[in-house]
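Enquirer: Just to be clear, the model below is a prediction. Sequence and coordinates:
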Amino acid sequence: MSHGKRPRRAVKTPSWTMPTILGLILSVLGLVGLVELRPQLSVTPQEQLDRKHPFSAPFRITNTGYLSIDIPKIYFYVDELEDEHANRMTRSTMNVPTWNGTTLERGESQTIIGPIYESPFLIKKVEIAIVVNHRGWGMPYWTFRRYFRFQGIQSGDNWQWAPQPTDAPFIKRADESMDGATKSDGAK
């Protein structure tokens, strides 16, 4: 019988070393910082200025984040409008040049008023979106688009704008309409 050497056990290096733990903690903190510092906007409908016109309600766009946000364009998109005689208007986009090219600092707001849809008939159903193209974090070449969808609900003589969830088919319709408006606008 041969007396050989005993095989040596492989030395295992610990996987949770101090640099690994510190790297993991810094990565998590960095991700939390990125999420918290992302551009944050809110759009809030205000009370109507003219009771006959649901679109006379101003919408306040507010920067609720920590950093300033550059807003090159704001669109008023009508997905569907129907009056009492079943006349319909769908997929209409409006952009007013005075809305464009603003920068909202932290906590700052801008108020816009949508188009006044003149109709001799009562509006029965309306669904719109305020679409904000914005840049944040000092990225001058990347433009992001946020959709704030509202449904008009008539309450007596007043209209209220109820926030609605924005789904993929709605975004697709809005994007097609806005791309068409941009092309007819001369790609400004």
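Expert: Looks like it arrived, so ask away. Residues are numbered from 1 along each chain as shown.
Enquirer: Please work out the average pLDDT along the host helix or strand of residue 149.
Expert: Using DSSP states H and E, residue 149 maps to strand 144-155. Per-region confidence: strand 144-155 scores 89 on mean pLDDT.
Enquirer: Check which helices and strands it sits against.
Expert: On a contact count with 3 or more C-beta pairs under 8 Å, 6 or more residues apart in numbering; DSSP states H and E, strand 144-155 meets strand 41-45, strand 123-135, strand 158-164, helix 168-184. In this view, the C-beta of every residue, glycine as well, is placed from N, C-alpha and C.
Enquirer: how about a cut-off of 10 Å?
Expert: strand 41-45, strand 58-63, strand 69-83, strand 123-135, strand 158-164, helix 168-184 (3 or more C-beta pairs under 10 Å, 6 or more residues apart in numbering; DSSP states H and E).
Enquirer: where are the low-confidence patches of the protein?
Expert: Where the chain drops to pLDDT under 70, the residues are 1-4, 11, 13-14, 32-37, 116-120, 136-140, 181-188.
Enquirer: picking up where we left off before, with distance to residue 152 and mean neighbour count as added columns, please give the helices and strands packed on strand 144-155 in CSV.
Expert: Putting the helices and strands packed on strand 144-155 into CSV (distance: least, C-beta to C-beta, whole Å; neighbours: other C-beta atoms under 10 Å) gives the following:
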stretch, distance to residue 152, mean neighbour count
strand 41-45, 9, 18
strand 58-63, 12, 19
strand 69-83, 9, 20
strand 123-135, 4, 21
strand 158-164, 5, 16
helix 168-184, 15, 14
